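Peer 1: Requesting a structural model of the entry that follows:
(one chain, ligands or ions: 1)
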Amino acid sequence: MSESSYSGKDIQVLEGLEAVRKRPGMYIGSTGPKGLHHLVYELVDNSVDEALAGHCSCIDVIIHPDNAVTVIDNGRGIPVDNVPKYRKSGVEVALTILHAGGKFGGSGYKVSGGLHGVGVSVVNALSSRLEIEVKRDGHVWEMAFERGKALGTLQKGAKSKATGTTVKFWADPDVFETTEYSWDTLASHMRETAFLNKNLKITLTDERELDPRREEFRYAGGIVDFVKYLNDKKEALHSKPIYFEAEGAEGIAEVALQWNTGYSETVLAFANNINTHEGGTHLEGFKNALTRTINDYSRRQGILKEKDDNLSGEDIREGLTAVISVKLTDPQFEGQTKTKLGNTEMRSFVQAIVTTGLAEYLEEHPKPARSIVMKSSQAAKARAAARKARELTRRKGLLESSTLPGKLADCSVKEAALTEIYLVEGDSAGGSAKQARDRSFQAILPLRGKILNVEKAGINRALSSEEIQAMITALGTSIAEEFDLSQARYHKVIIMTDADVDGAHIRCLILTFFYRFMREMIDAGYIYIAQPPLYKISMGKKHEYAYNDRQLQQALARLPEGTKYSLQRYKGLGEMNPEQLWETTMDPERRTLLQVTLDDALAAEEAFVDLMGDQVEPRKLFIQRHAKNVRFLDV
Ligand code: 0RA
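Peer 2: Just a heads-up that it's a prediction; the model follows:
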């Protein structure tokens, strides 16, 4: 056929392959080693399509010493008869017309045309030479191309009863940065392809070596064998991978999964044999079903208690190896690298088969089921602990911020050894304390109501409490491993709470906080408890305070016979005006402070756990023990 007889359409065709040569990256991603290997995948995928259609059982791939590659299949062979529209053989159309592959597409799941769906014509365009041999219709047929251009027409050769397609191509050194193939890269792709297509035999031969290397990939178990292979060097949690498959209007879905005793997650998702690295609907459906089904089962078995949080997807997938493979007629590939499946029908399809299949498996295999659930709940616990540690580090940064809390009324003297801070229960008492104080050396930090119980809440939640953050910032020392006593902004920290049960409780909460996060402050003797009076005895213009019942009795006994007096019992700091608060509780000349000491750290730790834990009895014991650790000081 001469140039002059080309129709307008044919010229467009030539421009098509020229476009591929001009901008190869657009069609195969890159002209580096990755793009080079994609040429082989493209051809193999076309043969796999024949296998999917049920007409091909064997694919051979040969790497030649001159870096040519041959791909042989025993499929039906590319049609050799004339395509009237183009007035060319089917073989020539397939190899010279962009995106022609799909137009032939027979029945079944006509898939790929490879990763980018480009077809064999792209391989032809990017090859310095390509030779094709088709066995079909009782003969061997041959044709050759150079840089995408046909060298003559399809030639009918010897008689043959066999069928199949053989393509040998030389990647164009003018296009590719390298034409050197990697055995490992090709072998792992062939292995993967064989896993994804049960019973399909793929051989890889490397003739570049004197003693040619050959490997055969064929897996009767398909993706079950894939999962076994991935878990090969790991200790499996249950002996056999779990497997489900289903076929519907949406297509075919297959899932195989097996947990190992390790911690990493290996979940591979494929659509039409393409590794969907970016995931997509099939993967989402799988994950949804897995998380829901394992949680449902755990609850039904009582392994997860009603009050417990759900196991997270991450926890459940710890140590999981899974392969999800779907095949569908019209795959939509999205995302940055076009490796994210977009077909929404696949989400519910995969979700349904995994939900049904996994629930059934768990019911029928109680032993592995238990191991799986126990592993997930252990993962949940470990993850919570790790998260706490991480959050702590992160929060510490936050707490070290130099901005003092807004509620703090600081003192003017900067010399820590001379200053003190009152941690005051409630905003109203805080207000009185601010008016009463000597602002040169006394700072006031009001704390709203009951601060968080750090023993029960754990460090994580405790540190998210505003009151606790304010305390840490005001004190300047940071906490836990980051604690630095030399950074203390005050050498006296005075806890001032109401003299009632609630006040005692709040005092204990604050002490627990110091014990857990700033123990050295206690050791250094920086922590004190203020002693507001319990009673006020008024006699005309004179008055006296009593700090406990014994003092009250003594004061009353001292009164002259017949003296009239009135007695006030303070229920809280709020009942005192600023002057009263100053003279009874804050004036260093007249106040009484209790210094908190913890001689026996070990005993103290138990005490704090006892006090703040769930049980009531140890709490009573603590209060006695605590009293022993507090001694009177006249300051
Ligand atoms: C179009 C139609 C048919 C097969 C093929 C293409 C085909 C393409 C490749 C590429 C590599 N190996 C291949 N094998 C087959 C089906 C034709 C029919 O109905 O017989």
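
Peer 1: Spatially central residue in this protein, please.
Peer 2: Centroid-nearest residue in the chain, with Cα atoms, centre = their mean: residue 314, separated by 6.3 Å.

Peer 1: who's in contact with it?
Peer 2: Contacts for residue 314 (Cβ atoms under 8 Å, 6 or more residues apart in numbering) come out as 265, 379, 383. C-betas here are computed from N, CA, C, even on glycine.

Peer 1: so residue 357 touches residue 254, yeah?
Peer 2: No: at 10.6 Å, residue 357 and residue 254 do not qualify as touching, with contact defined as Cβ atoms under 8 Å.

Peer 1: Overlap in contacts, the two.
Peer 2: Here residue 357 and residue 254 have residue 244 as joint contacts, going by Cβ under 8 Å, 6+ apart.

Peer 1: between the two, which one's more packed in?
Peer 2: residue 254 (22 against 19; other Cβ atoms under 10 Å).

Peer 1: Look up phi and psi at that one.
Peer 2: phi -130, psi 140 (degrees, to the nearest 10).

Peer 1: now do residue 51
Peer 2: Per degrees, to the nearest 10, the residue geometry at residue 51, taken as phi and psi, is phi -70, psi -40.

Peer 1: Kindly report the same for the one 5 residues further on.
Peer 2: Per-residue torsions, residue 56: phi -140, psi 130 (degrees, to the nearest 10).

Peer 1: With residue 52 instead?
Peer 2: Given degrees, to the nearest 10, the pair of backbone angles that residue 52 has is phi -60, psi -30.

Peer 1: all helices in the stretch 501-635 of the chain, in order from the N-terminus.
Peer 2: Remark: helices of the stretch 501-635 of the chain, listed N- to C-terminal, are 501-517, 519-523, 549-558, 578-581, 601-612, 617-628; assignment by DSSP state H, counting those that start in this stretch.

Peer 1: what packs against the fourth one?
Peer 2: When you say that, I think you mean helix 578-581. Using 3 or more Cβ pairs under 8 Å, 6 or more residues apart in numbering; DSSP states H and E as the contact criterion, the neighbours of helix 578-581 among helices and strands are helix 427-436.

Peer 1: Now residue 533: closest residue in space, sequence neighbours ignored.
Peer 2: residue 545 (3.7 Å; Cβ to Cβ, 6 or more residues apart in numbering).

Peer 1: Please apply the same query to residue 332.
Peer 2: In this structure, residue 332 finds its nearest non-sequential neighbour in residue 342, 3.8 Å apart by Cβ to Cβ, 6+ apart.

Peer 1: wait, isn't the one you found in contact with residue 333?
Peer 2: Yes: contact criterion Cβ under 8 Å: residue 342 and residue 333 qualify, at 7.0 Å.

Peer 1: These two - which one has more neighbours?
Peer 2: residue 333 (20 against 15).

Peer 1: Can you report phi and psi for that one?
Peer 2: phi -100, psi 130.

Peer 1: so who does it touch?
Peer 2: Residues near residue 333 by Cβ under 8 Å, 6+ apart: 117, 271, 274, 276, 339, 340, 341, 342.

Peer 1: Buried only: go through the residues you listed for me.
Peer 2: For these, a burial check counting by 16 or more other Cβ atoms under 10 Å picks out 117, 271, 274, 276, 339, 340, 341.

Peer 1: ok, the last one to the ligand distance?
Peer 2: Taking Cβ to the nearest ligand atom, to the nearest Å as the criterion, residue 341 is separated from the ligand by 24 Å.

Peer 1: Residue 51 contacts residue 200, correct?
Peer 2: Yes: at 5.0 Å, residue 51 counts as touching residue 200 under the criterion of Cβ under 8 Å.

Peer 1: shared neighbours of those two, anything?
Peer 2: With Cβ under 8 Å, 6+ apart, residue 51 and residue 200 have common neighbours 57, 59.

Peer 1: Which residue, other than its chain neighbours, is closest to residue 377?
Peer 2: Taking Cβ to Cβ, 6+ apart, and ignoring the residues beside it in sequence, residue 377 has residue 311 as its nearest neighbour in space, at 6.3 Å.

Peer 1: Angles on the backbone of that neighbour, please.
Peer 2: Recorded main-chain torsions at residue 311 are phi -70, psi 140, according to degrees, to the nearest 10.

Peer 1: now do residue 318
Peer 2: Geometry field for residue 318 lists phi and psi as phi -70, psi 130, criterion degrees, to the nearest 10.

Peer 1: just the one 5 residues further on next, same as before
Peer 2: Here the main-chain torsion angles of residue 323 (degrees, to the nearest 10) amount to phi -130, psi 130.

Peer 1: Residue 26: what's it in contact with?
Peer 2: Shown here is residue 26, whose contacts under the criterion Cβ under 8 Å, 6+ apart are residue 20.

Peer 1: where's it relative to residue 248, distance?
Peer 2: Using Cβ to Cβ, to the nearest Å, we find residue 26 at a distance of 35 Å from residue 248.

Peer 1: for residue 446, same thing?
Peer 2: Residue 446 sits at a distance of 66 Å from residue 248 (criterion: Cβ to Cβ).

Peer 1: what do you get for residue 51?
Peer 2: The gap separating residue 51 from residue 248 is 21 Å, by Cβ to Cβ.

Peer 1: more neighbours, these two?
Peer 2: residue 51 (24 against 11).

Peer 1: State the pLDDT value of that one.
Peer 2: The confidence metric pLDDT takes the value 93 at residue 51.

Peer 1: ok, now residue 395?
Peer 2: Residue 395 is assigned a predicted lDDT (pLDDT) of 57.

Peer 1: where does residue 262 land in three-state SS?
Peer 2: Three-state secondary structure (criterion: DSSP: H, G, I helix; E, B strand; the rest coil) places residue 262 in coil.
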